[in-house]
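> need coordinates for the below:
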Amino acid sequence: MASDKLKKINNEIKDYINESNFISIKTRNKIIKMLGDEFDIKFKLDNYQTIDVTILENGHIIMYGDEYTPEKNIEGIKEIEERYNNFKVKADNFLNKKEVSFNNKKIGSNILNLFVILIILLIFIGLLSLAITSFIRGHYINCIWIIFYVLVFFNNQVSDNLKSRLESAKIFFKKLIKKK
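As a prediction, the model looks like this:
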């Protein structure tokens, strides 16, 4: 029973470390420092790529094969649970503040996408009006050159990019309409 609780606590600590590592190494080190503060342990923090932390039944913590002992003895699984729950509250609060918001980034990238589409369309309309103006004035060579350049440029470089941008804008507008 006690080893099942300890196994669950160790797995949850690994989840916290992995989640914080996703945000940044600095955040991960802060989470490990919080764990050390709760268990009265001062860890040697190095910038390792991965960290494995395991709490033992006597309250000692193993990290990178080094066993760290708390300054005050821990009296069984109940005290380990209590200290872990304190750590859990602090870590949750800290990670909620540091949480990366992909929705805001996605909205920003969609707005940027719409801006790029608008610029491309304005350039296309400008070149098309220039071609029509050249045709009306009798400058057929300029008209043919502009049309040829626009067709080749848009066909080779912009068409796939523009199609994917238009598709992404279409999806963005559909989601925006569904929300409202």
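> those strands in this protein, which residues are they?
Taking DSSP state E as the criterion, the chain carries its strands at 53-55, 61-63, 66-68.
> other SSEs contacting the second one?
Yep, that's strand 61-63 we're talking about. Strand 61-63 sits against helix 25-38, strand 53-55, strand 66-68, with contacts defined as 3 or more C-beta pairs under 8 Å, 6 or more residues apart in numbering; DSSP states H and E. (Each C-beta comes from the backbone N, C-alpha and C, glycine too.)
> strand partners of that strand, parallel vs antiparallel please.
The pairing partners recorded for strand 61-63 under DSSP bridges are strand 53-55 (antiparallel), strand 66-68 (antiparallel).
> return the set of buried residues in it.
61, 63 (16 or more other C-beta atoms under 10 Å).
> one step back: tell me which of the strands paired with strand 61-63 lies nearest to residue 19.
strand 53-55 (13.4 Å; C-beta to C-beta).
> how about the closest one: buried residues?
Neighbour counts using 16+ other C-beta under 10 Å place 53, 55 of strand 53-55 among the buried residues.
> among the strands paired with strand 61-63, which is nearest residue 123?
It's strand 53-55; of the strands paired with strand 61-63, that one is closest to residue 123 (C-beta to C-beta) at 55.4 Å.
> what is the mean pLDDT for that closest one?
Throughout strand 53-55, pLDDT has a mean value of 81.
> what's next to that strand, contact-wise?
6, 9-10, 13-14, 17, 32, 35, 39, 61-63, 80, 84 (C-beta atoms under 8 Å, 6 or more residues apart in numbering).
> which helix in this structure runs the most residues?
For the chain, the helix with the greatest residue count under DSSP state H is helix 102-137.
> neighbours of residue 152, just the number please.
By other C-beta atoms under 10 Å, the residues close to residue 152 number 10.
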